[in-house]
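>>> Predicted coordinates and the sequence they were generated for:
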Amino acid sequence: MADIDRRRLLLAGAGGALGAFGALSLASPARARSLWTWSPAGSVAGTGAGVDPEWVWDEEVDAVVANLIDRGQVPLVNDLLRDWVRNDQPLPAGLPGELRAWMEEARKLPPWANTTKLQAAVDFTKKKGLYTGALYGLGSGLLSTAIPREARAVYYSKGGADMKDRVAKTAQLGYDVGDVYAYKPQGGMIATAVRTRLVHAAVRHLLPQSPGWARTSGGQTIPISQADMMVTWHSLPTYVMSRLKQWRVPISAAESEGFLHVWQVTAHMLGIKDEYIPATWADANAQSAQVLDPIVAHTPEGAALTDALLGIIAEVDAGLTEPLINAFSRYIVGDRVGDLIGLDREPLLQPIVSGAWPLVVAFREALIPFPGVPSIAWVLEEALRKFVLLFMAEGRPIHLEIPDANRPL
């Protein structure tokens, strides 16, 4: 803990230097982004114009939210939406008309949403929640800090100033996706997705005004394009499924298809166009190989976010030492990403972790078939997830709020 605290203090003191580091990084040749060649024939739509998602955003809501910000209505809207958390809740009275009209349309599930597959996703999470929780929270969380655009967008936006709050809000989305009620009337995933789209629209409007982001954007003029969103999407379900296969976690065909489907629906609800959403795991892996795998890289902003995230993990469980956190993190994200985000190598602990975790998986999977064990495991893991959310939110309800400013520099 002391080592983590010292490193966090050093990074906090060096925060003002990040802009200079970012400017220096622009002096080196930029990573060339490969041409978009993924075919919409492999999407849930099965067809499409094939337009490069690099130049596609979320135009309708972007215009709505830009107007809210320019008119100074963001605080009012945040207050009105604070208690809008269930899928079946009517929208609160008093919302600006254009926002209400957009939200009523945005909250509708896609016509191809399949209730049987969504239930299979619930069954999958009940059985595999221990693994998906670790992979969402630690694996995808750390992987995101090696995605340059995402790291910079997070760091320079308003949420980057309070990482514990930012992580809590991100974790809420992962929790809602895996909730037993997710897209059912009493669930909260629709409300979470719609509010996330509003947040993204605000960031797209505000971030180009940040000098820090503008220095490090690599020429991008508007953040969070459809391409960026698909990169983030792959850092969640595609990445998680690849790790589960590496760990040899037994997954039935129905569970695998259900897990993919809940994330396909989530992509749609987050504003990703259907022609970019992969139809199968094979399509997802092919797209990920083009848009995610080649672009992971080190950035000063990503390194700062990594340190903040590791500090939060250490706070959640004060019994974990920094070497153990590093070793388990490296096991989950791999040495390539571990090196990029600055995780220390732990030559003594890493072999122990890589040998012990498969035994944990095998032991748990051997117990799951026994009567009552899946339910007990689900209750315990659900309690743990709720505790982590409560801790990160410092006992307060988690509210996804539309920002009206960038991170102060």
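Yes, it's here. Residues are numbered from 1 along each chain as shown.
>>> in stretch 253-272, what's buried?
Neighbour-count burial for stretch 253-272, counted by 16 or more other C-beta atoms under 10 Å, picks out 255-272. Where C-beta positions appear, they are placed from N, C-alpha and C, glycine not excepted.
>>> Go ahead and produce PDB holding the CA coordinates of that stretch.
Taking C-alpha atoms only, stretch 253-272 is exported to PDB below (Å, rounded to 0.1, in the frame of the first residue of the first chain):
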ATOM      1  CA  ALA A 253     -23.400 -22.900 -26.900                       C
ATOM      2  CA  ALA A 254     -26.600 -21.300 -25.600                       C
ATOM      3  CA  GLU A 255     -24.700 -19.500 -22.900                       C
ATOM      4  CA  SER A 256     -22.000 -18.300 -25.300                       C
ATOM      5  CA  GLU A 257     -24.700 -17.000 -27.700                       C
ATOM      6  CA  GLY A 258     -26.700 -15.400 -24.900                       C
ATOM      7  CA  PHE A 259     -23.600 -13.600 -23.600                       C
ATOM      8  CA  LEU A 260     -22.900 -12.200 -27.100                       C
ATOM      9  CA  HIS A 261     -26.500 -11.300 -27.600                       C
ATOM     10  CA  VAL A 262     -26.800  -9.200 -24.400                       C
ATOM     11  CA  TRP A 263     -23.800  -7.200 -25.600                       C
ATOM     12  CA  GLN A 264     -25.200  -6.900 -29.100                       C
ATOM     13  CA  VAL A 265     -28.300  -5.400 -27.600                       C
ATOM     14  CA  THR A 266     -26.200  -3.200 -25.400                       C
ATOM     15  CA  ALA A 267     -24.200  -1.900 -28.300                       C
ATOM     16  CA  HIS A 268     -27.400  -0.900 -30.100                       C
ATOM     17  CA  MET A 269     -28.700   0.800 -26.900                       C
ATOM     18  CA  LEU A 270     -25.500   2.700 -26.600                       C
ATOM     19  CA  GLY A 271     -26.000   4.200 -30.000                       C
ATOM     20  CA  ILE A 272     -23.800   1.900 -32.100                       C
END
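>>> roughly how far out does it sit from the chain middle?
14 Å (C-alpha atoms, centre = their mean, to the nearest Å).
>>> And for stretch 49-68?
Computed by C-alpha atoms, centre = their mean, the chain-centroid distance of stretch 49-68 equals 20 Å.
>>> send the alpha carbons of that stretch over as PDB?
Presented in PDB, the C-alpha positions along stretch 49-68 are these (Å, rounded to 0.1, in the frame of the first residue of the first chain):
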ATOM      1  CA  ALA A  49     -23.300   1.200 -46.500                       C
ATOM      2  CA  GLY A  50     -19.800   0.100 -45.300                       C
ATOM      3  CA  VAL A  51     -19.000   3.700 -44.200                       C
ATOM      4  CA  ASP A  52     -15.800   3.900 -42.100                       C
ATOM      5  CA  PRO A  53     -17.100   4.300 -38.500                       C
ATOM      6  CA  GLU A  54     -14.200   6.600 -37.800                       C
ATOM      7  CA  TRP A  55     -16.300   9.400 -39.400                       C
ATOM      8  CA  VAL A  56     -19.700   8.400 -37.800                       C
ATOM      9  CA  TRP A  57     -20.900   9.600 -34.400                       C
ATOM     10  CA  ASP A  58     -24.300   9.800 -32.800                       C
ATOM     11  CA  GLU A  59     -25.600  12.800 -34.700                       C
ATOM     12  CA  GLU A  60     -29.100  13.200 -33.400                       C
ATOM     13  CA  VAL A  61     -28.400  13.100 -29.600                       C
ATOM     14  CA  ASP A  62     -25.200  15.100 -30.200                       C
ATOM     15  CA  ALA A  63     -27.200  18.000 -31.400                       C
ATOM     16  CA  VAL A  64     -29.800  17.700 -28.600                       C
ATOM     17  CA  VAL A  65     -27.100  17.600 -25.900                       C
ATOM     18  CA  ALA A  66     -25.100  20.400 -27.400                       C
ATOM     19  CA  ASN A  67     -28.200  22.600 -27.200                       C
ATOM     20  CA  LEU A  68     -28.700  21.700 -23.600                       C
END
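>>> per-residue confidence averaged over it?
Averaging pLDDT along stretch 49-68 gives 96.
>>> same check, this time on stretch 261-278
The average pLDDT for stretch 261-278 rounds to 98.
>>> What of stretch 133-141?
83.
>>> again, but for stretch 324-340
Stretch 324-340 comes out at a mean pLDDT of 89.
>>> buried residues in it?
324-333, 337-338, 340.
>>> Specify which member of these is nearest to residue 118.
residue 332 (27.0 Å; C-beta to C-beta).
>>> List the contacts of that closest one.
Residue 332 makes contacts with 134-135, 138-139, 142, 243, as judged by C-beta atoms under 8 Å, 6 or more residues apart in numbering.
>>> Same check on residue 61?
102, 106, 197-198, 201, 271.
>>> now swap in residue 338 and tell me
Contacts of residue 338 (C-beta under 8 Å, 6+ apart): 326, 329-330, 345.
>>> How much space separates it from residue 223?
In this view, residue 338 and residue 223 are 26 Å apart by C-beta to C-beta, to the nearest Å.
>>> likewise residue 207?
5 Å.
>>> Now the common contact residues for those two.
153, 213.
>>> Now residue 92, what are its backbone angles?
Backbone geometry at residue 92, expressed as degrees, to the nearest 10, gives phi -70, psi 150.
>>> Counting neighbours, what do you get for the residue lying closest to it once chain neighbours are set aside?
Residue nearest to residue 92 in three dimensions, not counting chain neighbours: residue 80, with 4.5 Å by C-beta to C-beta, 6 or more residues apart in numbering. Using other C-beta atoms under 10 Å, residue 80 has 17 neighbouring residues.
>>> what sits up against the host helix or strand of residue 80?
Following DSSP states H and E, one finds residue 80 within helix 74-81. For helix 74-81, contacts defined as C-beta under 8 Å, 6+ apart pick out 68, 92-96, 99, 195, 202, 399, 401-404.
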